[in-house]
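Colleague: below is the sequence, then the predicted model.
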Amino acid sequence: MPLVTAEATVLQAFPYSETSKILRLLTADHGVQSVIAKGARRAKSRFGGVLEPFTDGTATFYLKPNRDLHTLREFELNRPRQGLGRDLVRFGGASLLAEIVLRTSSEQEAPELFHRVRAALTDLESAPEAQVEARALAHAWGLIATLGFAPALHRCVHCAGPLPDGDLFFDYGAGGLLCGTCGGGAGGGRVMPERARTDLQALMLGDAVELDRTAAHWQLLARFLAYHLVDPGALRSLDFLAEQLGEL
């Protein structure tokens, strides 16, 4: 079995037995990998207590062909990201990004995804408090675009025709806006005001904007993900953010 060394970000960490941990790592060359860190929960572990969510480091692990779980040999810490854990909204936003990646990604190389997630976590950790919520929304939509299932906002998702100005119908299942000819009104969607469309276009580019109704934007994101994630179960991170923000 080959010994692999790769830059990695810890997306998830949870206990395994009394002494070990299982980690979900995001890497550029090997996508998402699950590894077991044997002895990581011992007081004198060689990992030194650094294997926490959102930590950046260099991971060395045995990559076993046709296996779902690999063995972590070393993890050299580069950035602990402790600031994300000191603020619940920052932590919730980071958890949302991790959960989206874990629901959609594979073991295939994904350098663009890897660098986008790292940059997003860095930004969430350092953003001014007043901008954290908008930055979390922007990074979630930007991540969706990177993963390749962004909603259609510039042309009708049904006929590919141009979209007029004004309020339009957003179809969750189809994945975007409908023109006047194809326009809906049935279940599975909502009317999107022109200002909300402009805001969403900016968010998908990664721009944090001043949002009049953040609750509506979170609801749009939650319902869009419910239709388009491979594993469509409820996202715990969205429930957590709802509790912290009190507005979803």
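Modeller: Thanks, I have it.

Colleague: check contacts around the most centrally placed residue in the chain.
Modeller: Most central in the chain under CA atoms, centre = their mean is residue 97, positioned 1.9 Å from the mean C-alpha point. Taking CB atoms under 8 Å, 6 or more residues apart in numbering, we find residue 97 in contact with 117, 120-121, 139-140, 143. In short, each C-beta sits where N, CA and C put it, glycine included.

Colleague: equivalent analysis for residue 99, please.
Modeller: Per CB under 8 Å, 6+ apart, neighbours of residue 99: 235-237.

Colleague: try residue 116
Modeller: 142-143, 146 are the contacts of residue 116 under CB under 8 Å, 6+ apart.

Colleague: go on, residue 4?
Modeller: 30, 60-63.

Colleague: tell me the mean pLDDT over stretch 164-174?
Modeller: For stretch 164-174, the mean pLDDT works out to 93.

Colleague: if we can go back for a sec, can you add distance to residue 203 and secondary structure and give the contacts of residue 99 back as a markdown table?
Modeller: Listed next are the contacts of residue 99 as a markdown table, based on distance: CB to CB, whole Å; DSSP: H, G, I helix; E, B strand; the rest coil:
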| residue | distance to residue 203 | secondary structure |
| --- | --- | --- |
| 235 | 18 | coil |
| 236 | 22 | helix |
| 237 | 17 | helix |
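
Colleague: list buried members of those residues by neighbour count.
Modeller: 235, 237 (16 or more other CB atoms under 10 Å).

Colleague: look at residue 233 and report its pLDDT.
Modeller: Reading off the model, residue 233 has pLDDT 67.

Colleague: quick one: residue 77 and residue 57 touch, right?
Modeller: Yes. Here residue 77 reaches residue 57: they are 4.9 Å apart, a contact under CB atoms under 8 Å.

Colleague: pull up the overlap in contacts between those two.
Modeller: If you check residue 77 and residue 57 against CB under 8 Å, 6+ apart, the residues they both contact are residue 50.

Colleague: neighbour count winner among these two?
Modeller: residue 57 (21 against 14; other CB atoms under 10 Å).

Colleague: average pLDDT across stretch 48-59?
Modeller: On average, stretch 48-59 scores 93.

Colleague: scratch that, stretch 209-226 is what I was asking about
Modeller: 88.
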